[in-house]
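Q: Turn this into a model:
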Amino acid sequence: MLDNTARSYLLHTSDEEKILTVSELSFAIKGTIERDYSSIKLQGEISGLKKHSSGHTYLCLKDNESVINAICWRGTKVSFPLEDGMEIIVRGRVTTYPSRSQYQFIIEEASMSGEGALLKLINERRKRFAALGYFDNKREIPKFPRIIGIVTSQTGAVLQDMRHRLEDRYPFCDVVVWPVNVQGTMAPEQISNAIRGFNFMIDRRPDVLVVARGGGSIEDLMPFNEELVVKAVYDSSIPVVSAIGHETDTTLIDYASDLRAPTPTAAIELITPVLADIKLRLMDLRTKMKSLLIGTLKEMKTRITNAIKHLISSQFIFLAIRQSFDDKIGKFLILINNYFQKESMKLDSKKIMGLNYYLNLKQQQYSAVRKTLEKRAEYFMVQHCQTLKVLGDRLEQASFKKILSKGFCFITDMKGSTIETKLDFEASRNTGYVIHFQDGMSEILYHTHAIPCPTHEKFS
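A: This next block holds a predicted model:
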């Protein structure tokens, strides 16, 4: 091998015996480094992170004094997205790039540098997301959801537990499941795509979404702290419930969601009512509706009865107005007669002399008075005729004959008093009663030995 030969030559020969090319030296160094540093762990802070279109990731790992280039090839299993400023521990190997005389670290595995570093990263993200307003968009959870969308793993026990709890509490609801990975590098993209996919649905679009997974370590729950997932929850037009891990677990999706549930099964309890409670509520509403309907019918019955009484009494009001009009006309005629009698007596007392002058004068006065009286009488007649016409129209509209024309009738005793109760009807059976129809009335007389007519209960 070229590297072994060059290495041996450098150790056992002098510069005058052998001259190496640049490539020979570069490959000799490359072989030495790859042999001695083929599998090591390295701790450092990520800097200058760049993701190439090929899927490879280029970055630098640094500490307080040194920097080394690093590469994470596409397909390398990393359980969390790499970010600038993140403190990580990587395992891999060191190699060189002879064309540029550079050495670099090839990352094969990566993990966060302790739980404290993860918590620090999550806290920094929380502050940044809050400043961006991702935690401000809150939607109302429907009280009676028809369709529930669930974003979770299809293979875990979480989905089965949620289904069983839903069947016990609210079996009318339909469930649409969008299976995703809830752990690993592909999880954030799949979860965010599921949330956005539910929002684009037209048929069977859920009324509420539940993003759920079981418990796990901080590293396992990191997909639910990613900006891709948090922003998908923020942009959702469908209310979202987060049900991640156990009650003590908190992720950034909890702040962005509309409701946080301590466990996945608790999420079902929070967004669905109990079937027994719904039945009790319906029974209570049915009782109140029945009571309200009965009260309304009684009120309408009372108002109709009063209206009928008012229609009957309005006939007598019209007769009273007509009688008053006749009285005023009679008084008016009496005044005119008295006036002419007085004037006649005055003429008789006058002397013959000047009689013609006096008669002419009185004739003029009489003409003036007659015109005034005619105008007043005409005005009086017009006013009362208009009043009588309006009252007649009202009486016609309110007349009980209008009611009778619709198939109704009313009953009076032989004296003309209206029979309104069953007791009055029974009392009139010995004397007889009159049924008033639209086109006339019918008298019914009872004899003391007549067979009594069957009675009927009032309809209510």
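Q: Which of the residues in stretch 112-122 are classified as buried?
A: Neighbour counts over stretch 112-122 (16 or more other Cβ atoms under 10 Å) mark 112-113, 117-118, 121-122 as buried. Any C-beta I mention is one placed from the backbone N, CA and C, and that applies to glycine too.
Q: Pull the distance from it to the chain's centre.
A: Taking Cα atoms, centre = their mean, to the nearest Å, one finds the center of stretch 112-122 at 42 Å from the center of the full chain.
Q: CA atoms only for it, dumped as CSV, please.
A: Presented in CSV, the C-alpha positions along stretch 112-122 are these (Å, rounded to 0.1, in the frame of the first residue of the first chain):
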residue,chain,number,x,y,z
MET,A,112,-27.5,15.8,23.2
SER,A,113,-24.8,16.6,25.8
GLY,A,114,-26.8,15.8,28.9
GLU,A,115,-30.4,16.6,30.1
GLY,A,116,-29.4,20.1,31.2
ALA,A,117,-28.5,21.0,27.6
LEU,A,118,-31.8,19.7,26.3
LEU,A,119,-33.7,21.7,28.9
LYS,A,120,-31.7,24.8,28.1
LEU,A,121,-32.5,24.3,24.4
ILE,A,122,-36.2,23.8,25.1
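Q: mean confidence score for it?
A: Mean pLDDT, stretch 112-122: 73.
Q: Ok, stretch 321-329 next?
A: 73.
Q: coming back round to it: and the buried residues of stretch 112-122, which of them are in helices?
A: 117-118, 121-122 (DSSP state H).
Q: Export the residues you listed as a markdown table, with columns for distance to Gln363.
A: As requested, these are arranged in a markdown table below (distance: Cβ to Cβ, whole Å):
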| residue | distance to Gln363 |
| --- | --- |
| Ala117 | 130 |
| Leu118 | 127 |
| Leu121 | 124 |
| Ile122 | 121 |
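Q: Make CSV out of the buried residues of stretch 112-122 and add distance to Gly407.
A: Below are these laid out as CSV (distance: Cβ to Cβ, whole Å):
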residue, distance to Gly407
Met112, 89
Ser113, 94
Ala117, 90
Leu118, 86
Leu121, 85
Ile122, 81
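Q: nearest to Ile294, of the residues you listed?
A: Ile122 (62.0 Å; Cβ to Cβ).
Q: Nearest residue to that closest one in space, please, no chain neighbours.
A: What sits nearest to Ile122 in space, not counting adjacent residues and going by Cβ to Cβ, 6 or more residues apart in numbering, is Asn225, at 5.3 Å.
Q: Got phi/psi on the one you found?
A: phi -110, psi 0 (degrees, to the nearest 10).
Q: Kindly give the local confidence score, pLDDT, for it.
A: pLDDT, Asn225: 91.
Q: Give me the residue ranges of the stretch 351-460 of the chain where confidence is low.
A: 351-359, 398-400, 445-460 (pLDDT under 70).
Q: Show me the domain layout of the protein.
A: 2-114, 120-273, 280-398, 409-460 (automatic domain parsing).
Q: low-scoring stretches of the stretch 51-200 of the chain, by residue?
A: Under the criterion pLDDT under 70, the flagged ranges of the stretch 51-200 of the chain are 114-116.
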